[in-house]
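In: can you look at this prediction? I've put the sequence above it.
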There are 2 protein chains.
Amino acid sequence: MFDYIINPKVESYIKNLSVEEDPLIKEMEEYARKNDFPIIGREGGRVLHLIAKIKNPELIVEVGSGFGYSAYWFLKALKKGKVVLTDYQEKNIKLARQFLDKGGFRDRAEFRVGDGIKIGKEYKNIDILFLDLEKARYLEAIKELENNLSDDGIVIADNVLFQGKVIFEPENRKSKILREFNSYMFEKFFSVILPVRDGILIACKKS
Amino acid sequence: MFDYIINPKVESYIKNLSVEEDPLIKEMEEYARKNDFPIIGREGGRVLHLIAKIKNPELIVEVGSGFGYSAYWFLKALKKGKVVLTDYQEKNIKLARQFLDKGGFRDRAEFRVGDGIKIGKEYKNIDILFLDLEKARYLEAIKELENNLSDDGIVIADNVLFQGKVIFEPENRKSKILREFNSYMFEKFFSVILPVRDGILIACKKS
């Protein structure tokens, strides 16, 4: 009963304030719903979009793109620059390409199949590093990629409260790794965790 | 029982992740606690700081500065630029000046006593407009000041869920105005409400 993060009535009030007019967003959300595919969700997507608008980045690298929902929110915010999408599954990347083509972003996105951490290491001066991979690999991901951030690069990580389990099931194996990840991020970076859905961490370098 | 916004256990987990080492932050929080003075709080302050770091603004105008707690979080993030503080009470502004002097920001802040909306209108090209005035005047404030934003200016408004009353006591007079304000912000701007403390709205212009 007390295991939720945000009061559902509050979540619902916030959600109902925005009216989505982009049919592609709705189509992607419908695909996620039908296929039970985890995505960052409407409120999470809006946070990514807002941060990208404020940041105006040249290069966004996503570690774990799924079928491109987060990338689409990012791309809609960019005046310039590109998004690198990564996913293990060729099927997801193919679908992402179809969606982003449809959205008019064919030339602004790179589509890569494979290990997102390894692929990420090929890129220098990452302005926004977006982590949405297997929870057990979050800590590995930031340690491997933090040196590839640009001087004022930021990190955004989804699901850092892992459906609340980070707090309510601290002994869970993935919770433990996420707790370590969160502690690391607060120590090494200047971080905040936004209680949007199951936690979005945003971090910049300490100055 | 269900009137809170965020699960207190979640709030507490997030709060405990950060260790504040700046004695001035602690001193200001202590002053607020002792005098029962409403401030945006540690988590809210960290959000302001992060957004200012990402945005790197030239000009921040605060409508409702109190004794300077939010301004201090902003100033600590800036490489350049300044913050204009406004408050009705001379006593608050005087105290803000003392705190910010102590923090080394004497030359980066303007201290103005009076109606923050009227004072705000004197400034053009506001990069971050921060609203933290009487709740009944939020809608008036944005309507009066939105044209003073820079092209990619953003708005940050504190307490937009008004201790949850916006959802749980919708007939409350201030709730009504805040509901109108929130609806206006989502219609006219691209907005998100972060359920940090009692709601921080962040908005950029629609493109």
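Out: Received it, and whenever you're ready, just let me know what you need. Residues are numbered from 1 along each chain as shown, chains lettered A, B, ... in the order given.
In: any low-confidence regions in chain A?
Out: A:1-2 (pLDDT under 70).
In: and the helices in chain A, which stretches?
Out: Using DSSP state H, the helices found in chain A span residues A:8-17, A:23-35, A:41-55, A:69-77, A:90-102, A:116-120, A:138-145, A:165-168, A:173-188.
In: can you list contacts of the strand ranked longest in chain A?
Out: Assignment by DSSP state E gives strand A:149-158 as the longest strand of chain A. By CB atoms under 8 Å, 6 or more residues apart in numbering or on different chains, the residues outside strand A:149-158 that reach it are A:40, A:44, A:48, A:51, A:55, A:58-59, A:70, A:125-132, A:138, A:142, A:146, A:181, A:185, A:189, A:198-205, B:53-54, B:56. C-beta here means a position set from N, CA and C on the backbone, and glycine is covered the same way.
In: A:Y88 contacts A:D115, correct?
Out: Yes. Contact between A:Y88 and A:D115 holds when scored by CB atoms under 8 Å: they sit 7.1 Å apart.
In: picking up where we left off before, just say which of the helices of chain A is most tucked in.
Out: With neighbours taken as mean count of other CB atoms under 10 Å in any protein chain shown, the helices of chain A reach their highest mean count in helix A:69-77, at a mean of 25.
In: what is it packed up against?
Out: Packing partners of helix A:69-77 (3 or more CB pairs under 8 Å, 6 or more residues apart in numbering or on different chains; DSSP states H and E): helix A:23-35, helix A:41-55, strand A:59-63, strand A:82-87, helix A:90-102, strand A:126-131.
In: try it again with 10 Å
Out: helix A:23-35, helix A:41-55, strand A:59-63, strand A:82-87, helix A:90-102, strand A:109-113, strand A:126-131, strand A:149-158 (3 or more CB pairs under 10 Å, 6 or more residues apart in numbering or on different chains; DSSP states H and E).
In: now do the same contact list for A:L48.
Out: Each residue near A:L48 by CB atoms under 10 Å, 6 or more residues apart in numbering or on different chains is listed here: A:40, A:60, A:62, A:69-74, A:76-77, A:128, A:130, A:156, A:158, A:200, A:202, B:192.
In: again, 8 Å this time
Out: A:40, A:70, A:73-74, A:77, A:130, A:156.
In: pick out the most distant pair among these.
Out: A:I40 and A:A77 (14.1 Å; CB to CB).
In: now do the buried residues in the longest strand of chain A.
Out: A:149-150, A:153-158 (16 or more other CB atoms under 10 Å in any protein chain shown).
In: report the two of the residues you listed separated the most.
Out: Those two in those that are separated most widely, counting by CB to CB, are A:S150 and A:D158, at 20.8 Å.
In: hmm, back to that, what is the nearest of the contacts of A:L48 to chain B?
Out: Nearest to chain B among those, counting by CB to the nearest CB, is A:A77 at 7.9 Å.
In: mind listing what the residue nearest to the closest one when sequence neighbours are not counted touches?
Out: The shortest distance from A:A77 to any non-neighbouring residue, by CB to CB, 6 or more residues apart in numbering or on different chains, is to A:A52 (3.7 Å). Counting by CB under 8 Å, 6+ apart, A:A52 touches A:60, A:73-74, A:77-78, A:128.
In: now do A:A52 against A:Y72, distance only.
Out: Using CB to CB, to the nearest Å, A:A52 is found at 11 Å from A:Y72.
In: just A:I5 next, same as before
Out: 25 Å.
In: swap in A:R108?
Out: On the measure of CB to CB, A:R108 and A:Y72 end up 11 Å apart.
In: then A:I154?
Out: 19 Å.
In: A:I177 now?
Out: Taken as CB to CB, the span from A:I177 to A:Y72 is 28 Å.
In: now, among the buried residues of strand A:149-158, which is nearest to chain B?
Out: Checking those one by one against chain B (CB to the nearest CB), the nearest turns out to be A:I154, at 6.2 Å.
In: kindly state the beta-bridge partners for that closest one.
Out: A:I128, A:C204 (DSSP bridges).
In: cool, and A:A109?
Out: A:V83.
In: could you count how many residues lie near it?
Out: A:A109 sits with 25 neighbouring residues when counted by other CB atoms under 10 Å in any protein chain shown.
In: OK, contacts around A:E134?
Out: Per CB under 8 Å, 6+ apart, neighbours of A:E134: A:G64.
In: quick one, phi psi at it?
Out: phi -60, psi 130 (degrees, to the nearest 10).
In: how near is it to B:R197?
Out: 32 Å.
In: give me the neighbour count for A:Y88.
Out: With other CB under 10 Å as criterion, A:Y88 counts 14.
In: repeat for A:F105
Out: With other CB under 10 Å as criterion, A:F105 counts 20.
In: overlap in contacts of A:R108 and A:Y72?
Out: A:L100.
In: please name the residues that touch the closest residue to A:K124 other than its chain neighbours.
Out: Excluding its sequence neighbours, the residue lying closest to A:K124 (CB to CB, 6+ apart) is A:N148, at 5.7 Å. The neighbours of A:N148, taking CB under 8 Å, 6+ apart as the test, are A:61, A:120-121, A:123-126, A:129.
In: and A:L85, by the same measure?
Out: By CB under 8 Å, 6+ apart, the neighbours of A:L85 are A:62, A:65, A:68, A:71, A:93, A:96, A:109-112.
In: swap in 6 Å and give it another go.
Out: The contact partners of A:L85, by CB atoms under 6 Å, 6 or more residues apart in numbering or on different chains, come to A:62, A:65, A:71, A:96, A:111.
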